[in-house]
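> need the 3D shape of this:
(one chain, ligands or ions: 2)
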Amino acid sequence: MSQAARIICRNLERSIEAKNELLQNTETQAEFARAVDVVLNSYQQGGRLYVAGNGGSAADAQHLAAEFVSRLARDRAPLPAEALTTDSSIITAIGNDYGYDQIFSRQIAGKLTSNDVFLGITTSGNSPNIVKALQVCRERNIQSIVFTGHDGGKVREWSDICIIAPGKLTSQIQEVHLVLEHTLCECVEAALFDFEL
Ligand SMILES: O=C(CO)[C@@H](O)[C@H](O)[C@H](O)[C@H](O)COP(=O)(O)O
Ligand SMILES: [Zn+2]
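Numbers count the residues shown, from 1 in each chain. Ligands and ions are numbered 1, 2, ... in the order given. Alright, predicted model coming up:
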């Protein structure tokens, strides 16, 4: 077996192990169901979903926002969602003038209202810009959800709903986050548009 074939098998096994852990964890599943309700209620009251993360999680934020605004698998009306990671002018201005730790919190202070929901994605749970974003949400009564990993890190105490994905490595945690993200969109659109699951 080639080295690459051995490593892909090892990584698939690790990914399956992390997903199996979530399959057994009914507490995390119940917390996820609460996250679905929060996003659903927000949409029902005219709110919007805002998502942020760093690195691979920034890509996740954009991936998820795209699925809400465009679609996941079935035709339906667009649902308002925005990744706070995409406007390089806003991000560089805030980063340059106020600091990288404020790139999301300042956008939240400028854009979100109390009907909206903020979803932060951070595998370590300790990225300062996500922690600050959650602190601003709390000050302004904006509901917040985090998808995180390990022991939840600092975001655990600052979020309203904290979903901790299993996995020892950042990459495994991210692979579980992707399942959570797709499922969040699937459940919300099914409830809003009467799709069968
Ligand atoms: O995608 C990956 C690793 O798989 C990296 O880009 C990773 O997202 C970056 O190192 C992030 O800065 C990590 O931030 P966080 O998940 O701890 O908040
Ligand atoms: Zn990655």
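
> pull out the buried positions in stretch 95-111.
Across stretch 95-111, burial judged by 16 or more other CB atoms under 10 Å covers Gly95, Asp101, Gln102, Ile103, Phe104, Ser105, Arg106, Gln107, Ile108. Glycine gets a C-beta too; all of them are placed from N, C-alpha and C.

> which one of the residues you listed sits closest to ligand 1?
Of all these, ligand 1 sits closest to Phe104, with 11.2 Å by CB to the nearest ligand atom.

> pretty sure the closest one sits against Leu84.
Yes. Between Phe104 and Leu84 there is a contact under CB atoms under 8 Å: 5.1 Å.

> any common contacting residues for those two?
The contact sets of Phe104 and Leu84 overlap at Ala52, Ala133 (CB atoms under 8 Å, 6 or more residues apart in numbering).

> picking up where we left off before, for the buried residues of stretch 95-111, give me JSON lines that also has secondary structure, distance to ligand 1 and pLDDT.
JSON lines is the format used below for the buried residues of stretch 95-111 (DSSP: H, G, I helix; E, B strand; the rest coil; distance: CB to the nearest ligand atom, whole Å; pLDDT from 0 to 100):
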{"residue": "Gly95", "secondary structure": "helix", "distance to ligand 1": "14", "pLDDT": "98"}
{"residue": "Asp101", "secondary structure": "helix", "distance to ligand 1": "12", "pLDDT": "98"}
{"residue": "Gln102", "secondary structure": "helix", "distance to ligand 1": "15", "pLDDT": "98"}
{"residue": "Ile103", "secondary structure": "coil", "distance to ligand 1": "13", "pLDDT": "99"}
{"residue": "Phe104", "secondary structure": "coil", "distance to ligand 1": "11", "pLDDT": "99"}
{"residue": "Ser105", "secondary structure": "helix", "distance to ligand 1": "15", "pLDDT": "98"}
{"residue": "Arg106", "secondary structure": "helix", "distance to ligand 1": "18", "pLDDT": "98"}
{"residue": "Gln107", "secondary structure": "helix", "distance to ligand 1": "17", "pLDDT": "98"}
{"residue": "Ile108", "secondary structure": "helix", "distance to ligand 1": "16", "pLDDT": "98"}
